[in-house]
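1. Sequence and computational prediction follow.
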Amino acid sequence: MCKSKIYTHDYPMNTQMKIIKAIVLLILSITLIHCSSEEMPKPSFGGPSDGDGTPSKQYLTEFAAFPVGNIVSASKLASNSEDNLKFKEILLNDYNSITAENDMKMANIFRGPDNYDWSDGDAIVAYAKANGLRVHGHALVWHSSIPGWLTNYAGTDEEFSKLIENYIKQTVAHFAEEKDSLGNSVVASWDVLNEYFDGTSVRSSLFSQRMGADFHKKLFQWAREANSDVKLFYNDYNVIGISSKRSAILSMVSDFQSNNIPIDGIGAQVHINYQWPTITDIQNGFQEIANTGLLIHSSELDITVNPNDDISELTAERAISQSVQFQRLAFYYGEIVPKNQQFGITVWGFRDQDSWIYEGGTDWPLLYDNNFEPKPAYDGFRNGLDGQAP
Ligand code: G3I
């Protein structure tokens, strides 16, 4: 997925939303008048005092009734540079679930026929186990993460399919081995298939071309055969914001459910911006995917503030709009998705500069600035996790 793909749509707001937005902006501009980016409102920490002045709650996981995650890499976890020590301190304070941003993708693991390098994933799992974190596996099959040798594989389609079957079964079984103190696999779940749809159509990919129309079903069946406990997710973008894409995904899920194809959850990647989706979109989106009865993962959360390239630095006003959008996302997830389906929310990065969408400093989509200081977005997100309506 590329950034432009998300923002090529025009997302008209209804009149009611425009009025609400105008009121919010008026209040913000009164509050923030003369407030330059150097005078960005500072986030506050901690929840209500327990009486002696000490906040009874301080970190994100303490405010949420469900897991809160972020992304890691084996190299950052192994590094004791000043930046990475800070990153790990925040990780262990604010989060209880982790996803490998890239290390557990096919291109990083699948080195040749029946040749797997799980070492980066193993390092992540060892770190998670030592620190009591859940690992969400990302992603077994994604058209954007294919090793070069596989793209050029000269064997028959049948042999190609067998390679993928082995890769899925071996990788799922391998990562199911490491258990936590309760005897559950540290890798609790996998995105089995990522971004199978392109809009409302099935994407043409190496897998669809070589494995046939039912390849997506086989992936889930193989993953289930490898382990009966690991939770199996379908993960995609624009699930919340674009109803036609959501419908296509829900049809696939319904087909799986009617034909006993194993699926445990839907990952709705939340690569969104400060104005879109609207509150109504967010409510409808979460409600409709929750109606499947599956686990719901609000995955890959980042919120861009400069989709139209109209600012050259993060303004105070835009930072507040971003904060409100983070709060909406967290609040409506907690309010709409039934508790037993709340797999959690995973943020896609720490500092703005670490984001895939930072693009040389032209957007600021995350919760922490480049000095690891929490932005207003952090406050909004925390308040939403805490069940405070935006
Ligand atoms: O591994 C090389 C490294 O050796 C080299 O030094 C570096 C120099 O730029 O590039 C490194 O690889 C890059 C890798 O990120 C690690 O930084 C790849 O070129 C780059 O394509 C890769 O981008 C990742 C992208 O997925 C593609 O895999 C992003 O970090 C990651 O945030 C992004 O995440 C995806 C989700 O997996 C699926 N949904 C969309 C989301 C955003 O695109």
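-> In hand now; what should we look at?
2. for the one residue in the stretch 251-390 of the chain that gets nearest to the ligand, phi and psi?
-> Scanning the stretch 251-390 of the chain for the residue nearest the ligand gives Trp356, at 3.6 Å (criterion: Cβ to the nearest ligand atom). Where you see a C-beta, it was placed from the backbone N, CA and C, and this is true even at glycine. Here is the backbone geometry of Trp356 (degrees, to the nearest 10): phi -60, psi -20.
3. That one touches Trp348, doesn't it?
-> Yes: when contacts are counted by Cβ atoms under 8 Å, Trp356 is listed as touching Trp348 (7.4 Å).
4. Looking at the two, which one has more neighbours?
-> Trp348 (23 against 17; other Cβ atoms under 10 Å).
5. Can you give me the distance of that one to Trp364?
-> 13 Å (Cβ to Cβ, to the nearest Å).
6. Check Pro376 too.
-> 11 Å.
7. quick one: common contacting residues for the two?
-> 319, 322 (Cβ atoms under 8 Å, 6 or more residues apart in numbering).
8. who's more crowded, these two?
-> With neighbours defined as other Cβ under 10 Å, Pro376 and Trp364 compare such that Trp364 has more, 27 against 23.
9. For that one, give its distance to Gln322.
-> For Trp364 relative to Gln322 (Cβ to Cβ), the value is 8 Å.
10. Give me the common contacts of these two.
-> Joint contacts of Trp364 and Gln322 (Cβ under 8 Å, 6+ apart) are 305, 375.
11. Can you tell me which residues in the stretch 101-250 of the chain are near the ligand?
-> By Cβ under 6 Å from any ligand atom, the residues of the stretch 101-250 of the chain that approach the ligand are 101-102, 144-145, 194.
12. Output those residues in a markdown table, with neighbour count and pLDDT appended to each entry.
-> Shown next, in a markdown table, are these (neighbours: other Cβ atoms under 10 Å; pLDDT from 0 to 100):
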| residue | neighbour count | pLDDT |
| --- | --- | --- |
| Glu101 | 18 | 98 |
| Asn102 | 15 | 98 |
| Ser144 | 13 | 98 |
| Ser145 | 18 | 98 |
| Asn194 | 25 | 98 |
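13. and of those, the nearest to Gly241?
-> Asn194 (17.4 Å; Cβ to Cβ).
14. Next up, the contacts around the closest one.
-> Residues near Asn194 by Cβ under 8 Å, 6+ apart: 138-139, 141-144, 235-236.
15. any idea how far it lies from Arg351?
-> Distance from Asn194 to Arg351, by Cβ to Cβ: 24 Å.
16. Report the rounded mean pLDDT for stretch 240-252.
-> For stretch 240-252, mean pLDDT is 98.
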